[in-house]
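Chemist: Here is a sequence with its predicted model. Questions after.
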Amino acid sequence: MSHAPGILPSQSIDELIAAGAITSSRPFDLDQVQPASLDLRLGARAWRVRASFLPGLGRTVPQRLEDVAMHELDLTRGAVLERGCVYIAELQEGLALPKGISARANPKSSTGRVDVFVRLLTNNSVAFDDVAEGYAGPTFIEIAPQTFSILVRTSTRLNQLRLKRGEPPKLQVRSVGVDLSDGVAGFRARRHAGVVDMDHVDGHDPKDFWEPLIPRRGELLLDPGEFYILASKEAVEIPVMEAAEMTPIDPSVGEFRVHYAGFFDPGFGTEEAGGVGSRGVLEVRSHETPFLLEDGQTVARLVYEPLTAKPARLYGEGGSHYQRQGLKLSKHFRIWG
């Protein structure tokens, strides 16, 4: 494993698993390690809680659950997590990170695209999603469906973990604009739709959950509290020796939030991985006031960081739902048409 600062590639994650730095209550899935991240899987139990929380220094997640848990759910039989509610669930993966290795979690693309807000929790943590260097212990996930109720079960994958050595330098920061040109430029989630089965690929009729949007004069009015799927104006390319995270733009620019799922793996949109022309899909939620979005307006930033080595496999190799994508709903929905 390289000792240079950077994001760990797939083969380095495999080495951490082999060394016992990443463990699991069940055998790892063959496709669980991604080019520069590790998918995390739900465990057997979840709890409906009355409030989100951080455990804080000196306290564990189970200790805090005693104060806020309302009832327990058995995920081995499957459970519906209702929109507007907050849940904490066990994850199957545990960590014993070596010195110099820390981690950061983010929702998977498919999770963010159905407006499910998820965050990683660890014992003694004072921040969501960030795992301190040398952390040893279990992992948990906070799940808050915002628009659709969802069906999950043991081993459902809602978030992913990116591991890093040291503090990787920021290689570049690129602005991401929104495409509101001709034709259908986005989708708005329907209120009071059915349940989304998070493990059922191509299993839902998109017209039951979404309505298409056609901008007028290159503009789109975002209504407060609504959830939108839009696409980037520019193609996105992540070089094979880099990884990127999409971050929200300064809120002073507009009353909206863009992108729950922030990780872009090496090879996304590249010629080497057959993905030239891939766009970034934007998950947009408007806040307290209506906001008029214009074609090409900057709505997010892509922050690029180096890998410690070229990954053994690139994004999209062996198949992907989102390589070469344009405007695209999550993998749970059939193609619009």
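Modeler: Perfect, I can see it now. Residues are numbered from 1 along each chain as shown.

Chemist: all contacts plus neighbour counts: C-alpha atoms, from now on.
Modeler: Fine.

Chemist: Tell me who's in contact with the closest residue to Ala36 other than its chain neighbours.
Modeler: The shortest distance from Ala36 to any non-neighbouring residue, by Cα to Cα, 6 or more residues apart in numbering, is to Pro9 (4.5 Å). Neighbouring residues of Pro9 by Cα atoms under 8 Å, 6 or more residues apart in numbering: Pro35, Ala36, Ser37, Leu307, Thr308, Ala309, Lys310, Pro311, Ala312.

Chemist: can you rerun that using 6 Å?
Modeler: Pro35, Ala36, Pro311 (Cα atoms under 6 Å, 6 or more residues apart in numbering).

Chemist: Pick out whichever of those residues sits closest to Gly274.
Modeler: Pro35 (15.1 Å; Cα to Cα).

Chemist: measure the residue lying closest to Pro107 once chain neighbours are set aside to Leu40 for me?
Modeler: Leaving out its chain neighbours, the residue that sits closest to Pro107 by Cα to Cα, 6+ apart is Asn159, at 4.1 Å. Look at Asn159 and Leu40: by Cα to Cα, to the nearest Å, they are 6 Å apart.

Chemist: ditto for Gln160
Modeler: From Gln160 over to Leu40 (counting by Cα to Cα), the distance is 5 Å.

Chemist: Run through the bridge partners of Ser24.
Modeler: Glu93 (DSSP bridges).

Chemist: hang on, isn't it packed against Leu95?
Modeler: No. The pair Ser24 / Leu95 is not scored as a contact, 8.7 Å apart, by Cα atoms under 6 Å.

Chemist: can you redo the contacts of Pro9 as CSV with distance to Gly186?
Modeler: Formatted as CSV, these follow (distance: Cα to Cα, whole Å):
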residue, distance to Gly186
Pro35, 29
Ala36, 29
Pro311, 33
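
Chemist: Going by neighbour count, which of these comes out on top?
Modeler: Ala36 (31 neighbours; other Cα atoms under 10 Å).

Chemist: what's that one sitting at in phi/psi?
Modeler: phi -150, psi 30 (degrees, to the nearest 10).

Chemist: give me every residue that touches it.
Modeler: Contacts of Ala36 (Cα under 6 Å, 6+ apart): Pro9, Ser10, Asp265.

Chemist: The second one and Leu38 touch, don't they?
Modeler: When you say that, I think you mean Ser10. No. Judged on Cα under 6 Å, Ser10 makes no contact with Leu38 at a distance of 8.2 Å.

Chemist: Contacts only, for Arg174.
Modeler: Counted by Cα under 6 Å, 6+ apart, Arg174 has contacts Arg301, Leu302.

Chemist: Could you list the low-pLDDT ranges of the chain?
Modeler: Applying pLDDT under 70 to the chain flags the ranges 1-2, 249-261, 318-319.

Chemist: Can you tell me the centre-most residue of it?
Modeler: Pro107 (2.1 Å; Cα atoms, centre = their mean).

Chemist: Would you quantify the distance from that one to Ala273?
Modeler: 23 Å.

Chemist: what about Leu75, distance to Arg50?
Modeler: Applying Cα to Cα to Leu75 and Arg50 gives a distance of 19 Å.

Chemist: who's more crowded, Ser24 and Leu95?
Modeler: Leu95 (21 against 17).

Chemist: my guess is the more buried one meets Ala136, correct?
Modeler: Yes. The pair Leu95 / Ala136 is scored as a contact, 5.2 Å apart, by Cα under 6 Å.

Chemist: helix or strand for Pro62, which one?
Modeler: helix 61-68 (DSSP states H and E).

Chemist: Contacts only, for Gln297.
Modeler: Counting by Cα under 6 Å, 6+ apart, Gln297 has contacts Gly177, Val178.

Chemist: measure it to Val176 for me?
Modeler: From Gln297 over to Val176 the distance is 8 Å, taken as Cα to Cα.

Chemist: rewinding a little: which one of Leu75 and Arg50 is surrounded by more residues?
Modeler: With neighbours defined as other Cα under 10 Å, Leu75 and Arg50 compare such that Leu75 has more, 22 against 15.

Chemist: My guess is that one contacts Trp47. True?
Modeler: No. Leu75 is beyond contact range of Trp47, at 10.0 Å (criterion: Cα under 6 Å).

Chemist: returning to what we had before: now the helix or strand just after the helix holding Pro62 against helix 61-68, angle please.
Modeler: Per DSSP H and E, the first helix or strand lying C-terminal to helix 61-68 is strand 69-74. Using axes from the mean of the first three to the mean of the last three Cα atoms, to 10 degrees, the direction of strand 69-74 lies 120 degrees away from that of helix 61-68.
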